[in-house]
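Colleague: structure of the sequence below:
(2 chains)
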Amino acid sequence: MLIKKPADIQPSEITPEGVYFNRRQFMLGSAGLLLSGETLAALAGKKSPLSSADKPNSLKDISSYNNYYEFGTDKSEPALYAGSLKTRPWNVVVDGEVGKVRSFGIEELLKQPLEERIYRLRCVEGWSMVIPWIGFPLASLLKQVAPTSRAKYVAFETLQRPSEMPGQRSRVLDWPYREGLRMDEAMHPLTILAVGLYNDVLPNQNGAPIRLVVPWKYGFKSIKSIVRIHLQEQMPATSWNMANAHEYGFYSNVNPEVDHPRWSQASERRIGEFLKRKTLMFNGYGDQVASLYRGMDLRRNF
Amino acid sequence: MTTLRMKNPAASRQPSRFNWLKISVFMLCLLPLARAAWIVLSGMAVNPVEFITRSTGTWTLSFLLITLAISPLRQLSGWSWPLRLRRMLGLYAFFYGCLHFTTYVWLDQFFDWPGMLHDIAKRPFITVGFAAMLLMTPLAITSTQGWMKRLKRNWGRLHRLVYPVALLGVLHYWWLVKKDLTQPMLYASVLAVLLGWRLLRKLRQRSS
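Modeller: Numbers count the residues shown, from 1 in each chain, chains lettered A, B, ... in the order given. I've put the predicted structure just below:
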């Protein structure tokens, strides 16, 4: 007879401090979900050999220190204000150079075979975290729309809804937020669409209900709360590049040898650590992705 | 900036009242440090080093602006007591500036001297911040009565350096922000008002 030992309390089961202190907003959010007749189910993802062995940051760190300008430019603001975002109903339109244009409902996307991917995230500002994402390869979604031979790039767009995204009422960036990848980057097995983290759906401030994660590029490439994916022949315009082309390039691969014009990228502060650590080429994913850029001048194509 | 001999007959009759004022302001000026220590020690800051850097930096700027507001306040209100606080407020600007600089040298760069020299030479926002810190140092050193007497007229001239210090400080903040300039603009506009007031007075004095 198999007698099961009760499992220890998972860190993910403990109410994070940020949620506890924002319980009013949390309750409002929960009420909204109840009204829409839906309950939040925990997400499970298959372990992946592509996961990093680094120790993940706490859910509190991951969900209370965010760059998400749609909810304010201070990193504490997304946790305070993202509660107002309604993530149901939600559709992601995939169109452009595709055999069949599709609109995926979030319910369908949550039913994709999910994996846990523990990835390092390196922000262009010089800090980093380790995050246990739950998601699926972007490639598996793109295959379902049959890209044409003219699909050379993939453009992504975040929701634009100023009534729920207070940061969009100011012109700090040209809304909606836009990002893009080259087709081979988009099809790379490391590139995922995340729908959760720490075995649960994404907190709104982390880009709910679905976001991109490209672990070898600076964090801002990993666009949040996606509503449109457009395959195209031309290199797409991207938000930070539009805001300041001199400082933020289309590729934005993590590269310790190419400094941001105003600060060094040679080292980073891992959240939770006292001393800085050296930044790794392609954020430590060089073995898997360096071949994508063979022969390219990474100083010019920064 | 005019330096006044601080001989107020009312003050010498009631010394205790003014000591209390000085002591309360002294304690009040330590509150930002106490708040920062509380936030860091209680674990509320996800990125404590960044938080300490930001907090000490903005408080250096705030104390510079408060110090620069003393003369206009005296001129507008006719009160003389704010002048008695000016040296302390200026020294607090230097104090928070030192904490800010130490955070950079120790917690951020961890005594990587070649790295810091490279930063100062190559990154304009660090160049101007470092220049502001350098220029503030002689002002702190010569803030005593002894130095005031020794330098005579030159003391006032030397302490006009506070204007470039404040300008460089605001520029330092302006250049380091990634995109949202709201905060640096706030400091810049207060500084513009404080310097504009002085300029207007100068022009008016010249024309009369």
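Colleague: neighbours around residue 155, how many?
Modeller: I went with chain A, as the question did not name one. If you count neighbours by other C-beta atoms under 10 Å in any protein chain shown, A:Ala155 ends up with 20. Where C-beta positions appear, they are placed from N, C-alpha and C, glycine not excepted.
Colleague: I was after chain B.
Modeller: Applying other C-beta under 10 Å, we find 16 residues neighbouring B:Trp155.
Colleague: now it. Nearest residue, chain neighbours left out?
Modeller: If the residues on either side of it in the chain are set aside, B:Trp155 comes closest to B:Met148, at 5.1 Å by C-beta to C-beta, 6 or more residues apart in numbering or on different chains.
Colleague: that's a strand at that neighbour, yeah?
Modeller: No - assessed by DSSP: H, G, I helix; E, B strand; the rest coil, B:Met148 does not belong to a strand; its assignment is helix.
Colleague: which SSE is immediately downstream of the longest helix seen in chain B?
Modeller: Across chain B, the longest stretch assigned as helix under DSSP state H is helix B:48-77. Once helix B:48-77 ends, the next helix or strand along the chain (criterion: DSSP states H and E) is helix B:83-102.
Colleague: what comes up buried for stretch B:127-134?
Modeller: Residues B:Thr127, B:Val128, B:Gly129, B:Phe130, B:Ala131, B:Ala132, B:Met133 are the ones in stretch B:127-134 that count as buried (16 or more other C-beta atoms under 10 Å in any protein chain shown).
Colleague: wasn't the third one part of a helix?
Modeller: Just to be clear, that refers to B:Gly129. Yes - membership of B:Gly129 in a helix is supported by three-state DSSP.
Colleague: that one and B:Tyr96, how far apart?
Modeller: Taking C-beta to C-beta, to the nearest Å as the measure, B:Gly129 and B:Tyr96 are separated by 13 Å.
Colleague: what does chain A have sitting close to chain B?
Modeller: By C-beta under 8 Å from any C-beta of the partner chain, the part of chain A that sits against chain B consists of A:60-61, A:64-65, A:69, A:73, A:75, A:125, A:127, A:172-173, A:243-244, A:262-264, A:269, A:271, A:274-276.
Colleague: among those residues, which ones are buried?
Modeller: Among the residues of chain A next to chain B, those buried by neighbour count (16+ other C-beta under 10 Å) are A:60-61, A:64-65, A:69, A:73, A:75, A:125, A:127, A:172-173, A:263-264, A:269, A:271, A:276.
Colleague: in helices, which of the residues you listed appear?
Modeller: Assigned to helices by DSSP H, the following of these qualify: A:Lys60, A:Asp61, A:Ser64.
Colleague: wait, does the longest helix of chain B contact chain A?
Modeller: Yes - under the criterion of C-beta under 8 Å from any C-beta, chain A is reached by helix B:48-77 at B:Val49, B:Glu50.
Colleague: helices or strands up against that helix?
Modeller: Contacts of helix B:48-77 with other secondary structure elements, assessed using 3 or more C-beta pairs under 8 Å, 6 or more residues apart in numbering or on different chains; DSSP states H and E, are made with helix B:15-41, helix B:83-102, helix B:162-176, helix B:182-207.
Colleague: I figured A:Lys55 hits A:Ile131, correct?
Modeller: No - here A:Lys55 does not reach A:Ile131: they are 11.3 Å apart, not a contact under C-beta atoms under 8 Å.
Colleague: what's downstream of the helix or strand harbouring A:Glu179, the next helix or strand?
Modeller: A:Glu179 belongs to strand A:178-182 when assigned by DSSP H and E. Remark: after strand A:178-182, the chain's next helix or strand is helix A:183-187, criterion DSSP H and E.
Colleague: dump that next one to PDB, keeping only the CA atoms.
Modeller: Once side chains and other backbone atoms are set aside, the C-alpha atoms of helix A:183-187 remain, and they are given as PDB (Å, rounded to 0.1, in the frame of the first residue of the first chain):
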ATOM      1  CA  MET A 183      11.200  34.500 -38.000                       C
ATOM      2  CA  ASP A 184      14.100  32.200 -36.900                       C
ATOM      3  CA  GLU A 185      14.200  33.900 -33.500                       C
ATOM      4  CA  ALA A 186      10.400  33.400 -33.200                       C
ATOM      5  CA  MET A 187      10.600  29.700 -34.200                       C
END
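Colleague: return the distance of it from the chain's centre.
Modeller: Here helix A:183-187 shows a centroid-to-chain-centroid distance of 16 Å under the convention C-alpha atoms, centre = their mean, to the nearest Å.
Colleague: what's the answer for stretch A:258-274, then?
Modeller: Taking the mean C-alpha point of stretch A:258-274 and that of its whole chain, the gap between them comes to 20 Å (C-alpha atoms, centre = their mean).
Colleague: quick one: name the residues of chain B near chain A.
Modeller: Counting by C-beta under 8 Å from any C-beta, the residues of chain B lying close to chain A are B:46-47, B:49-50, B:107-108, B:110, B:115, B:119, B:123-125, B:175-176, B:178-180, B:182.
Colleague: in this structure the residue nearest to B:Trp155 contacts B:Thr142, no?
Modeller: Yes - under the criterion of C-beta under 8 Å, B:Met148 is in contact with B:Thr142, at a separation of 7.5 Å.
Colleague: need the overlap of contacts for those two.
Modeller: Shared contacts of B:Met148 and B:Thr142 (C-beta atoms under 8 Å, 6 or more residues apart in numbering or on different chains): B:Trp155.
Colleague: what sits closest to the closest residue to chain B within the stretch 101-250 of chain A if chain neighbours are left out?
Modeller: For the stretch 101-250 of chain A, the nearest residue to chain B under the criterion C-beta to the nearest C-beta is A:Val172, separated by 5.2 Å. Closest residue to A:Val172 in three dimensions, ignoring its sequence neighbours and counting by C-beta to C-beta, 6+ apart: B:Asp180, at 5.2 Å.
Colleague: residues in contact with whichever strand or helix holds A:Phe104?
Modeller: Take DSSP H and E as the rule and A:Phe104 turns out to sit in strand A:102-105. Where contact means C-beta under 8 Å, 6+ apart, the residues beyond strand A:102-105 that reach it are A:Pro89, A:Trp90, A:Asn91, A:Val92, A:Val93, A:Val94, A:Asp95, A:Leu141, A:Gln144, A:Val145.
Colleague: so of those residues, which ones are in helices?
Modeller: Secondary structure assignment by DSSP H places A:Leu141 of those in helices.
Colleague: and the longest strand along chain A, which strands flank it?
Modeller: With DSSP state E applied, the strand covering the greatest number of residues in chain A is identified as strand A:127-137. Based on DSSP bridges, the strands next to strand A:127-137 in the sheet, each with its direction, are strand A:115-122 (antiparallel), strand A:192-197 (antiparallel), strand A:267-270 (parallel).
Colleague: could you identify which of those is most buried?
Modeller: Among these, ranked by average contacts under mean count of other C-beta atoms under 10 Å in any protein chain shown, first place goes to strand A:192-197 (a mean of 26).
Colleague: tell me the one of the buried residues of stretch B:127-134 nearest chain A?
Modeller: With C-beta to the nearest C-beta as the yardstick, the closest approach to chain A among those comes from B:Thr127, at 11.2 Å.
Colleague: number of nearby residues for the closest residue to the closest one other than its chain neighbours?
Modeller: For B:Thr127, ignoring the flanking residues on the chain, the nearest one in space by C-beta to C-beta, 6+ apart is B:Ile120 at 5.7 Å. Burial of B:Ile120 is recorded as 15 neighbouring residues (other C-beta under 10 Å).
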